[in-house]
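Student: Sequence first, then the predicted structure, then my questions.
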Amino acid sequence: MQMITIKNLCKKYDEKMVLSDINIEIEKGEIYGLIGRSGVGKSTLLRCINGLEGFDGGELCVDGTDITKLKDREMREFRKGIGMIFQQFSLLKRLTVFENIALPMKMWKYPKEQIAARVTELLELVGLEEKADAYPEELSGGQKQRVAIARALTMEPQILLCDEATSALDPQTAKSIIQLLVNINKELGITIIVVTHQMSVVKSCCERIALMEDGRIAVSGGVEEVFMEQSEPLARLMGQKELALPKHGTTLKIVLSGRNSEEPVISMIARELGIDIRILGGEMELFRGKTIGTIVLNVDEKDCGKVLDFLEKKEIKWFRIPDTDGKKADGTESVRKGTEEEREGVLC
């Protein structure tokens, strides 16, 4: 079931187009990531979703409701169903933890007994039962973000928007906050949209992502699918590692997932083909419990065809890494991906 549907959405600031032809569908109950560098329009899109920003063209429906048709009172009611947390927590220093969490219900004039019951429930959910009477200045960064999450859940929203919610935290604390969001998603079935520039966040919690560049969706799909494709937009976001490439031979990056990630692929190639392989780098990582990894290797030109045949047989995705001049050994332009033509022998 679709929770959020965005079609051809565009937005301008003065004459500058900040969002262009955005098309996204987000399922009810999933954790969806909007990733990209600062300034690409992620936060602006998030503010369009919760109605804080208007837009100049396209459609945006939340749980079947076209938000452009909502009047003032209807928009206020609509926003009750969307919680939001920010990078800098946005807690009121003069209020205790209990009072900060209770603030939305107090603003909507809920009975004190109902407020107390809900805040107590949320303090337990985020693991801060003993901090109810503490003030923000007495809390660590991670504890402040837990208070912010609890406050965002006060009105029992269907959607939780997270705008760089872990960027101000150290890695270990950020990991605990991500795990809390995953637990909340499982326990409450709430749809979560995570805006981030950190791949570690995407790998830990998101099921599907949209990678944004210059106000557009450059790549979208399942996290594993996007990573396996090793697209140029993804490479630009993650940054290319400097590799000491050999002067001779062919350098390949192979991408492993599923059963292939558990096999000794390099040993199998060397043993079955009887060739030498130079390993230049690699890493294996967990994506929501699934192992995905890359290995960069170099083989002699005469062995390249046999290696690619082996990789094709094993259904292992591969990519050519060009030398520093972007040329192959014979001086022609190198091709980055393992295209159909390359598999037929053009590459080697």
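Tutor: Right, received. Where do you want to start? These numbers were taken from a predicted model, which means no experiment stands behind them.
Student: So which residues make contact with stretch 135-151?
Tutor: With contacts defined as CB atoms under 8 Å, 6 or more residues apart in numbering, stretch 135-151 is touched by 83, 85-86, 89-97, 100-101, 103-104, 119, 122-123, 125-128, 131, 160, 165-166, 168-170, 173, 176-177, 180-181, 184. Glycine gets a C-beta too; all of them are placed from N, C-alpha and C.
Student: 7 Å instead, please
Tutor: For stretch 135-151, contacts defined as CB atoms under 7 Å, 6 or more residues apart in numbering pick out 85, 89-91, 93, 96-97, 100-101, 103-104, 122-123, 125-128, 131, 165, 168-169, 173, 176-177, 180.
Student: Over to stretch 173-191?
Tutor: By CB under 7 Å, 6+ apart, the surrounding residues in contact with stretch 173-191 are 3, 26, 28-31, 126, 141-142, 145-146, 149, 157-160, 162, 165-166, 169, 192, 201, 204-205.
Student: Off-centre distance for that stretch?
Tutor: Computed by CA atoms, centre = their mean, to the nearest Å, the chain-centroid distance of stretch 173-191 equals 14 Å.
Student: Equivalent analysis for stretch 273-289, please.
Tutor: Centre-to-centre, stretch 273-289 and its host chain are 24 Å apart (CA atoms, centre = their mean).
Student: so for that stretch, what's the average pLDDT?
Tutor: The pLDDT scores in stretch 273-289 average 86.
Student: Name the nearest residue to the residue nearest the centre of the chain, ignoring sequence neighbours.
Tutor: Geometric centre of the chain, nearest residue: residue 202, 3.3 Å, by CA atoms, centre = their mean. Leaving aside its sequence neighbours, residue 202 sits nearest to residue 33 (CB to CB, 6 or more residues apart in numbering; 4.8 Å).
Student: burial measure for the one you found, as a count.
Tutor: Applying other CB atoms under 10 Å, we find 27 residues neighbouring residue 33.
Student: Just confirm it contacts residue 207, I think it does.
Tutor: No. If you go by CB atoms under 7 Å, residue 33 and residue 207 don't touch, sitting 8.4 Å apart.
Student: How far away from the center of its chain is the longest helix anywhere in the chain?
Tutor: The longest helix of the chain (DSSP state H) is helix 171-188. Distance, stretch centre to chain centre, for helix 171-188: 14 Å (CA atoms, centre = their mean).
Student: Repeat that for stretch 195-212.
Tutor: On CA atoms, centre = their mean, the centre of stretch 195-212 falls 1 Å from that of its chain.
Student: Could you list the buried residues of it?
Tutor: Judged by neighbour count (16 or more other CB atoms under 10 Å), stretch 195-212 contains these buried residues: 195-199, 201-212.
Student: Check stretch 53-65 too.
Tutor: By neighbour count on 16+ other CB under 10 Å, the buried set for stretch 53-65 is 53, 55, 58, 60-62.
Student: Tell me how many other residues surround residue 171.
Tutor: Residue 171: 9 surrounding residues under other CB under 10 Å.
Student: a markdown table please, covering the buried residues of stretch 53-65 and showing distance to residue 41 and pLDDT.
Tutor: Formatted as a markdown table, the buried residues of stretch 53-65 follow (distance: CB to CB, whole Å; pLDDT from 0 to 100):
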| residue | distance to residue 41 | pLDDT |
| --- | --- | --- |
| 53 | 11 | 91 |
| 55 | 11 | 94 |
| 58 | 13 | 95 |
| 60 | 14 | 96 |
| 61 | 19 | 95 |
| 62 | 19 | 94 |
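Student: Using JSON lines, lay out those together with secondary structure and distance to residue 14.
Tutor: Output for the buried residues of stretch 53-65, formatted as JSON lines (DSSP: H, G, I helix; E, B strand; the rest coil; distance: CB to CB, whole Å):
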{"residue": "53", "secondary structure": "coil", "distance to residue 14": "14"}
{"residue": "55", "secondary structure": "coil", "distance to residue 14": "14"}
{"residue": "58", "secondary structure": "strand", "distance to residue 14": "19"}
{"residue": "60", "secondary structure": "strand", "distance to residue 14": "21"}
{"residue": "61", "secondary structure": "strand", "distance to residue 14": "27"}
{"residue": "62", "secondary structure": "strand", "distance to residue 14": "27"}
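Student: what's the farthest-apart pair in those residues?
Tutor: Among the buried residues of stretch 53-65, the pair separated by the greatest distance (CB to CB) is 53 and 61, at 15.9 Å.
Student: still on that earlier bit, now could you export just the CA positions of the longest helix of the chain as CSV?
Tutor: Extracted in CSV, the C-alpha atoms of helix 171-188 (Å, rounded to 0.1, in the frame of the first residue of the first chain):
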residue,chain,number,x,y,z
PRO,A,171,29.4,7.0,15.2
GLN,A,172,28.6,4.7,18.1
THR,A,173,25.7,7.0,19.3
ALA,A,174,24.5,7.4,15.8
LYS,A,175,24.3,3.6,15.5
SER,A,176,22.2,3.3,18.6
ILE,A,177,19.8,6.0,17.3
ILE,A,178,19.5,4.2,14.0
GLN,A,179,18.7,0.9,15.8
LEU,A,180,16.1,2.8,17.8
LEU,A,181,14.4,4.0,14.6
VAL,A,182,14.5,0.4,13.2
ASN,A,183,12.9,-0.9,16.4
ILE,A,184,10.2,1.9,16.3
ASN,A,185,9.5,1.0,12.7
LYS,A,186,9.0,-2.7,13.5
GLU,A,187,7.0,-2.1,16.7
LEU,A,188,4.7,0.7,15.6
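Student: Fine by me, thanks again.
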